[in-house]
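Trainee: Provide a 3D model corresponding to the input given below.
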Amino acid sequence: QLQLVESGGGSVQPGGSLRLSCIISGFSLDYINIGWFRQAPGKDREGVSYIRSSDGQISHANSVKGRVTISRDIANNTVYLQMSSLKPEDTAVYYCAADKHYSGTWYGLYEYWGQGTQVTVSS
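Mentor: As a prediction, the model looks like this:
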């Protein structure tokens with residue numbers, strides 16, 4: 001059974017940084033695509049970044065471009081989301097998701113989800 005566990009969320013001041021981790025178990029990161037999503041209260045789930053298993057291609061949403069980096073550690077089956085220059089509007093629950101076939105920012109096409117980790121950006 002494929003499982004995802006996020007960690008690394010917390011409270012930071014504007015301009016701060018956080019690194020979120022997503023540990024995958026039950027399936028090799030070599031063969032599965034990973035996306036990071038976020039959902040703020042009262043808003044739809046939004047795609048943040050994704051990384052494709054076949055070639056490592058990555059993409060970021062325009063709202064975070066230049067402030068976020070997605071990376072993977074295949075040996076440890078972990079995907080990271082490094083976030084910097086955080087803004088109050090980045091406040092949300094952040095989720096990682098996995099799918100064996102789809103890579104992109106449409107959350108409806110990811111089959112597996114973690115439980116989420118809260119990120120709060122506030123002064």
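
Trainee: Only C-alpha atoms from now on, for both contacts and neighbour counts.
Mentor: OK.

Trainee: need the contact list for residue 8.
Mentor: Residues near residue 8 by CA atoms under 8 Å, 6 or more residues apart in numbering: 18-21, 117.

Trainee: Next step: those restricted to strands.
Mentor: Judged by DSSP state E, those include 18-21, 117 as members of strands.

Trainee: could you redo those as TSV and give each row pLDDT?
Mentor: Listed next are the ones in strands among the contacts of residue 8 as TSV, based on pLDDT from 0 to 100:
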residue	pLDDT
18	98
19	98
20	98
21	98
117	98
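
Trainee: Out of the residues you listed, flag the one nearest to residue 74.
Mentor: residue 21 (12.8 Å; CA to CA).

Trainee: And that closest one, how close does it get to residue 123?
Mentor: Using CA to CA, to the nearest Å, residue 21 is found at 24 Å from residue 123.

Trainee: between those two, which one's more packed in?
Mentor: Per other CA atoms under 10 Å, whichever of residue 21 and residue 123 has more neighbours is residue 21, with 23 against 10.

Trainee: Can you work out which other helices and strands pack against the helix or strand bottoming out on mean pLDDT in the chain?
Mentor: Least confident helix or strand of the chain, by mean pLDDT, DSSP states H and E, is strand 58-60 with a mean of 93. Strand 58-60 sits against strand 46-51, strand 68-73, with contacts defined as 3 or more CA pairs under 8 Å, 6 or more residues apart in numbering; DSSP states H and E.

Trainee: Mind doing that once more with 6 Å?
Mentor: Packing partners of strand 58-60 (3 or more CA pairs under 6 Å, 6 or more residues apart in numbering; DSSP states H and E): strand 46-51.

Trainee: So what touches the strand it packs on?
Mentor: 34-38, 57-61, 105 (CA atoms under 6 Å, 6 or more residues apart in numbering).

Trainee: Skip the chain neighbours and tell me the closest residue to the spatially most central residue of the chain.
Mentor: Centroid-nearest residue in the chain, with CA atoms, centre = their mean: residue 36, separated by 2.4 Å. With CA to CA, 6 or more residues apart in numbering as the criterion, residue 36 has its nearest non-adjacent residue at 4.5 Å, and that residue is residue 96.
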